[in-house]
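Engineer: Got a predicted structure plus its sequence, pasted below:
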Amino acid sequence: MNTDSNSSQSHKSETVNTYNFSLITISSSRYYKYGDVTNPEEADDTSGNTIKNILTTNGHKVIHYKLINDDFTAIQNTVNSAVYSNADIVITTGGTGLTSHDVTIEAVQPLFDKEIPGFGELFRFKSLEDIGTSVILTRATAGVVRTKPVFCLPGSNNAVRLAIREIIIPETDHIIKHTKD
């Protein structure tokens with residue numbers, strides 16, 4: 001009998017499972033085309049729509065959506081605003097690559113009180129089958145700002161689908177329990 005596994009399962013079974021999410025899409029091209037929109041449908045944001053649809057299908061609420069450009073200060077301000085809102089979890093999508101315009105990680109990591117390194121590690125491991133060694137280009141990460149988990153996802157539709165379905169939703173209750181503790 002593995003008591004570590006049993007302990008983990010008992011933590012998961014003791015939690016509530018409906019949460020409020022804040023969703024931030026970081027894309028200069030979309031921002032300059034669509035401006036300040038409050039719904040992913042308004043910006044033809046397929047990754048944002050995918051995240052929203054998966055979360056709502058699983059009983060969660062997306063209470064805040066914001067489209068912003070790839071700007072360090074705008075990213076920090078928007079994430080901080082989401083953290084201080086009534087969202088339980090913050091998800092960003094976009095700006096995690098290696099181009100000079102990809103500054104999401106540089107903007108968000110300094111806000112972390114604690115990092116969740118296992119998220120990025122597991123995300124890359126699970127992505128390996130789909131994209132092969134290109135997985136080394138992703139800098140997806142997660143951490144806790146104040147008591148709020150913040151996940152930084154790539155902008156690819158397949159990447160957000162994998163992250164939300166296979167990692168974030170299955171662990172949401174457990175993460176929330178520990179960040180509120």
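Structural biologist: Yep, it's here.
Engineer: Please count neighbours and contacts with C-alpha atoms only from this point.
Structural biologist: OK.
Engineer: and the lengthiest helix in the chain, what other elements does it pack with?
Structural biologist: Counting residues, the longest helix found in the chain (DSSP state H) is helix 117-131. When contacts are defined as 3 or more C-alpha pairs under 8 Å, 6 or more residues apart in numbering; DSSP states H and E, helix 117-131 packs onto strand 141-145, helix 157-162.
Engineer: Now do the strands in the chain.
Structural biologist: Taking DSSP state E as the criterion, the chain carries its strands at 20-26, 61-68, 89-93, 114-115, 141-145, 148-153.
Engineer: that older thread, pull out the buried residues from the longest helix of the chain.
Structural biologist: 119-120, 123-124, 126-127 (16 or more other C-alpha atoms under 10 Å).
Engineer: cool, and stretch 138-152?
Structural biologist: By neighbour count on 16+ other C-alpha under 10 Å, the buried set for stretch 138-152 is 138-152.
Engineer: How about stretch 173-181?
Structural biologist: Result for stretch 173-181 [16+ other C-alpha under 10 Å]: buried residues 173-176.
Engineer: Flag the helix or strand of this structure with the lowest per-element mean pLDDT.
Structural biologist: helix 3-13 (a mean of 48; mean pLDDT, DSSP states H and E).
Engineer: separation between the closest residue to residue 156 other than its chain neighbours and residue 105?
Structural biologist: In space, not counting the residues next to it along the chain, residue 156 is nearest to residue 47; the distance is 6.4 Å by C-alpha to C-alpha, 6 or more residues apart in numbering. Per C-alpha to C-alpha, to the nearest Å, residue 47 is found 18 Å from residue 105.
Engineer: Excluding chain neighbours, give the residue nearest to residue 104 in space.
Structural biologist: Per C-alpha to C-alpha, 6+ apart, closest to residue 104 is residue 95, 5.0 Å.
Engineer: Having no further points to raise, I will conclude here.
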